[in-house]
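S.K.: output the structure for:
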Amino acid sequence: MIGRNDTCWCGSGNKWKKCHFPDIGAQKTVTPMPYGFEKLSDQYYKRYGIILKTQEQIQGMRESGKLAAQILDATCKMAAIGITTQQLNDFAYKLHLKAGAIPAPLHYGEPPFPKSICTSVNDVICHGIPNNRTLLDGDILNIDVTCILNGYYGDTSRMVLIGNVDEEKRHVVDVAYECLMRSITILRPGIPLSDIGQVIHSYAENEGCSVVTQFVGHGVGIQFHEPPQVYHYRNPSNIPLTPGMTFTIEPMINAGVKEAVIDDADQWTARTKDGKPSAQWEHTLLITETGHEILTPWNKEPL
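M.R.: Numbers count the residues shown, from 1 in each chain. This is a model prediction of the structure:
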C-alpha cells in the first residue's frame with residue numbers, strides 16, 4: 001500500500017506521485033529479455049533493484065505469509081451483516097499481537113495510514129479505512145492484510161460477499177478471482193513479467209470489466225514495497241521471472257470504468273469514478289526453479 005507522498009520505490013528520491021504514479025500506464029523502457037534465460041546473472045536483476053531472496057529469507061516469508069493468510073481467513077469469517085469494519089480492524093490487530101507480528105499498514109506512508117488492515121466496500125477499489133460503517137445486506141468487501149513477522153512481510157487479500165449480493169457485484173468478484181488465479185497458473189522461470197498483465201487484461205476485458213491502472217502489484221518480502229512493479233494490464237516489461245523473485249499479484253477489477261478517484265480528505269481511499277463496484281484478490285508469490293509457490297495460502301478456496 002504505497003501512498004502518493006511516499007518516496008518512490010524506484011530509488012529516485014522523488015515522491016511516488018511525482019515519479020512513477022503519473023506515468024503508470026507508460027512503463028520506462030527495460031532491457032529486452034536476453035537470449036538464453038539460463039545465462040542471466042543476479043547483476044541483471046540488481047539493475048532493476050529486484051531482490052532475489054535466499055533460502056533463509058524465503059523461509060521467513062513462508063512464515064509471515066502463512067500468518068497473514070490465517071489472520072485474513074479469520075477476519076473474513078467474522079465479516080457479516082451488522083459488523084462494522086472497525087470491529088474487523090480491531091479483531092485483526094489483536095491477532096497480529098497474539099502472534100508477535102506487526103500490522104504493516106498501521107502508520108505507513110504519508111499521511112500515516114491510521115488502521116491495521118484495509119477494508120474496501122462496494123465501489124472502494126483499495127485502501128479503504130476501517131470505520132464505524134456497518135456492513136449491510138448486499139455489500140461486497142475486500143479485506144487486505146499485510147503482516148510483518150520477524151522482519152518479513154506477508155501480503156494478501158480476498159473478497160467477502162455479505163448476504164444477498166446482486167449479479168453485477170457477484171460478477172466482478174468472480175472475474176477478479178479468476179484474473180488472479182489465471183495469472184498465477186502461468187508463473188515459471190523465464191516468462192516475461194508482462195505476461196501477468198496480458199493474462200489479466202485479456203480475461204477481464206472479455207468479461208466486460210476493466211482493469212485499474214493507477215495501482216499495481218509489487219515486489220515484497222524484506223520491505224513492504226520492492227521492485228518490480230507488477231502491472232495488471234498490457235505492458236512492455238520483458239524482465240524475465242527467475243527463481244528467488246517474490247511479488248504480489250493483486251488485480252483490481254471494476255464493473256465499469258477503470259479510473260479511480262482518491263478521497264481528498266483522507267488521501268487514501270480510492271473509489272471507482274463511476275460509482276460501480278470493484279473487486280480484488282491478492283497473493284504473495286515466489287518463483288521457484290520449476291514454477292511458483294503461493295506464500296499466502298488461504299485455508300479454503302472460495303466457490
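S.K.: okay, residue 102 and residue 153: tell me how far apart.
M.R.: Separation of residue 102 from residue 153 (C-beta to C-beta, to the nearest Å) stands at 10 Å. Heads up, the C-betas are built off the backbone N, CA and C, glycines and all.
S.K.: so those two - more neighbours on which side?
M.R.: Taking neighbours as other C-beta atoms under 10 Å, residue 102 and residue 153 compare with residue 153 leading, 26 against 17.
S.K.: sorry, back to before: mutual contacts of residue 102 and residue 153, please.
M.R.: residue 147 (C-beta atoms under 8 Å, 6 or more residues apart in numbering).
S.K.: residue 177 and residue 282 touch, don't they?
M.R.: No. Look at residue 177 against residue 282 with C-beta atoms under 8 Å: they stay out of range, at 10.7 Å.
S.K.: ok, these two, which is more surrounded?
M.R.: residue 282 (24 against 20).
S.K.: touching, the more buried one and residue 247? I think so.
M.R.: No. Checked against C-beta under 8 Å, the pair residue 282 and residue 247 is beyond contact range at 10.8 Å.
S.K.: next, show the common contact partners of these two.
M.R.: By C-beta under 8 Å, 6+ apart, residue 282 and residue 247 have these common neighbours: residue 217.
S.K.: OK, contacts around residue 251?
M.R.: 176, 179-180, 183, 200, 204, 211-212, 217, 232, 280-281.
S.K.: go ahead and flag the most central residue of the protein.
M.R.: Nearest to the mean C-alpha position of the chain, by C-alpha atoms, centre = their mean, lies residue 250 at 3.6 Å.
S.K.: what pLDDT is listed against that residue?
M.R.: With respect to pLDDT, residue 250 scores 98.
S.K.: re the thing from before, out of the contacts of residue 251, which is nearest to residue 115?
M.R.: residue 280 (17.3 Å; C-beta to C-beta).
S.K.: which residues does the closest one bridge with?
M.R.: Going by DSSP bridges, residue 280 is paired in beta bridges with residue 252.
S.K.: the stretch 151-300 of the chain: helices as residue ranges?
M.R.: Per DSSP state H, counting those that start in this stretch, the stretch 151-300 of the chain carries helices over the ranges 167-185, 194-206.
S.K.: ok, which of these comes nearest residue 274?
M.R.: Of all those, it is helix 167-185 that lies closest to residue 274, at 12.1 Å by C-beta to C-beta.
S.K.: which stretch of helix or strand covers residue 43?
M.R.: Assigning secondary structure by DSSP states H and E places residue 43 in helix 42-46.
S.K.: is it correct that residue 291 is in contact with residue 184?
M.R.: No. Between residue 291 and residue 184 there is no contact under C-beta under 8 Å: 9.9 Å.
S.K.: spatially nearest residue to residue 241 (excluding sequence neighbours)?
M.R.: Once flanking residues are discounted, residue 241 sits nearest to residue 287: 4.8 Å by C-beta to C-beta, 6 or more residues apart in numbering.
S.K.: rewinding a little: residue contacts, the residue nearest to the centre of the chain?
M.R.: So residue 250 contacts 157, 180, 217, 232, 280-283 (C-beta under 8 Å, 6+ apart).
S.K.: try it again with 10 Å
M.R.: Going by C-beta atoms under 10 Å, 6 or more residues apart in numbering, residue 250 touches 126, 142, 144, 155-157, 176, 179-180, 215-218, 230, 232, 280-284.
S.K.: just the buried ones from these?
M.R.: Those of the contacts of residue 250 that meet the buried threshold are 126, 142, 144, 155-157, 176, 179-180, 215-218, 230, 232, 280-284, by 16 or more other C-beta atoms under 10 Å.
S.K.: would you mark the buried spots in the longest helix along the chain?
M.R.: In the chain, assigned by DSSP state H, the helix with the most residues is helix 55-78. Across helix 55-78, burial judged by 16+ other C-beta under 10 Å covers 57-58, 60-73, 75-76.
S.K.: hmm, residue 154 is touching residue 99, no?
M.R.: No. The pair residue 154 and residue 99 does not pass the contact test of C-beta atoms under 10 Å, sitting 11.0 Å apart.
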